[in-house]
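Colleague: Return atomic coordinates for the entry below.
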Amino acid sequence: MGGKNSKENGLSQIDDHEEGEQNFGSFKMYYFGSTTVSAPANKESVVMATNKIIKSRNPQKKVIVNVSTLGVELFDAKKKKNLQQTIAATPLKRLTFISLIGKKKDKVAYIHRETQSVLICHLLVNRKVGADVIHCVNEAFQHVKERQRREKRKRQIAWDSNKDNSAIATTTTTTTTT
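Modeller: Model prediction:
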């Protein structure tokens, strides 16, 4: 995962945390800002939104993008580590779209659902790690999906064993009363 460019790209190794959280990578990028969009997964609306963000001439912020099973978090890279300010935090379940855009594929745009009717598009730029961010978000989704599948299977097994135990108890009660 780290690769030969891991230090220069700001990519960290996969890291397990308590309670099943898994960190898939941290990346140094520039955050251009965010704006609302109308469609949850439409490439045209993302391109329009990113053009709007770029034209707004907001100052770029150096950020650290952290991708984990909890979601995507943006931290101010200029703050000291113990005082890092969270710029944006998006749970994975609220992400609706993420893509590399631009001719050079140097921009990462992602959309998340803030409320039922409000969708927000964020724009991050770093040509070297854009594809890695997308890859890590995909891995995080796959990890969460696999964990949910395993938990569902465990619940099904527990349900089946409880059903079998109650059937055995009913059979035992029936045979002892006759």
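
Colleague: tally of neighbours for E44?
Modeller: Counted with other C-beta atoms under 10 Å, residues neighbouring E44 total 9. C-beta coordinates here come from the backbone N, C-alpha and C atoms, glycine included.

Colleague: heads up, I number from 515, so please use that
Modeller: Let's use 515 as the start, then, which means that last one is E558.

Colleague: what does the model give it for pLDDT?
Modeller: pLDDT recorded at E558 is 86.

Colleague: what about it, helix or strand, and which?
Modeller: Using DSSP states H and E, E558 sits within helix 557-569.

Colleague: buried sites along that helix?
Modeller: Residues 559-564, 567 are the ones in helix 557-569 that count as buried (16 or more other C-beta atoms under 10 Å).

Colleague: so which of those residues comes closest to H657?
Modeller: Closest approach to H657 among the buried residues of helix 557-569 (C-beta to C-beta): V560, at 24.8 Å.

Colleague: Out of the buried residues of helix 557-569, which is nearest to A602?
Modeller: Minimum distance to A602 across these is 13.1 Å, recorded for I567 (C-beta to C-beta).
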